[in-house]
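Enquirer: Can you look at this prediction? I've put the sequence above it.
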Amino acid sequence: MKPAFLLAALLSTPAAAQASPEAVVREFLAAFNQQNVAQMLAQTNQAVYWNHIKGQKVDTKAESQTEFGAALQDYFESLPGAHAEILSLTVSGSYVSILEQVSWNLDGEINSQCSIGVYELLGEKISSIWYYPAHGCEPRDTVMEEAPEVPTQE
């Protein structure tokens, strides 16, 4: 193959797109909203740690995909209509921090709570998750403040 053709072939072949940490976490939570445990686990490493922060202590709920999958299954059985919404998201290197609101219907009553979660990724997979204690969600402003008018020079 001539060099010009080789260069053209290389330039026309798309490189494998790498998923950003934000995209991985968003896919994970989309699978949560579908209660698709298999798809959630597809976003994690074999050794995935699911941790709950309680005061000064860390309670590790799972240390593998098998344990995590079983814990998720139990969670969805206890809250069958659970739905998560990301209220804010920040990426810092391989860490993704979110403020999440989870809502569910229990005995005909809609409930919700907020929590802060931190996801650590190794490569394109979630390796650790830390959740801080759930708390009541603050009311959100739905109206954006208008920017002050800037005087124009005539």
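Expert: Done, it's in. Residues are numbered from 1 along each chain as shown.
Enquirer: With adjacent residues omitted, what lies nearest to Asn111?
Expert: Computed as Cβ to Cβ, 6 or more residues apart in numbering, the closest residue to Asn111 that is not its neighbour in sequence is Trp104, at 5.7 Å. C-beta: built from backbone N, CA, C; applies to glycine.
Enquirer: For the strand or helix carrying Ser127, which residues meet the burial criterion?
Expert: In this assignment (DSSP states H and E), Ser127 forms part of strand 125-131. Buried residues in strand 125-131, counted by 16 or more other Cβ atoms under 10 Å: 125-131.
Enquirer: Quick one: neighbours of the residue nearest to Asn111, just the number.
Expert: Using other Cβ atoms under 10 Å, Trp104 has 16 neighbouring residues.
Enquirer: how near is it to Gly81?
Expert: 5 Å (Cβ to Cβ, to the nearest Å).
Enquirer: before we move on, back to that, partner strands of the strand holding Ser127, with direction?
Expert: With DSSP bridges as the test, strand 125-131 is paired with strand 44-54 (parallel), strand 109-122 (antiparallel).
Enquirer: Figure out how far stretch 53-71 is from the centre of its chain.
Expert: Centre-to-centre, stretch 53-71 and its host chain are 16 Å apart (Cα atoms, centre = their mean, to the nearest Å).
Enquirer: try stretch 101-119
Expert: With Cα atoms, centre = their mean, you get 15 Å for stretch 101-119.
Enquirer: tell me the mean pLDDT for that stretch?
Expert: The pLDDT scores in stretch 101-119 average 93.
Enquirer: ok, back up a step: what's the closest of the buried residues of strand 125-131 to Leu72?
Expert: Ile129 (11.1 Å; Cβ to Cβ).
Enquirer: Now do the contacts for the closest residue to His135 other than its chain neighbours.
Expert: Spatial nearest neighbour of His135, excluding adjacent residues (Cβ to Cβ, 6+ apart): Cys114 at 5.7 Å. Cys114 makes contact with 87, 99-102, 134-138, according to Cβ atoms under 8 Å, 6 or more residues apart in numbering.
Enquirer: Return the two entries of the residues you listed that lie farthest from one another.
Expert: Val102 and Glu138 (14.8 Å).
Enquirer: neighbour-wise, which of those two wins?
Expert: Counted by other Cβ under 10 Å, Val102 and Glu138 do not tie: Val102 has more neighbours, with 19 against 10.
Enquirer: Remind me which helix or strand the more buried one belongs to.
Expert: Assigned by DSSP H and E, Val102 falls in strand 95-106.
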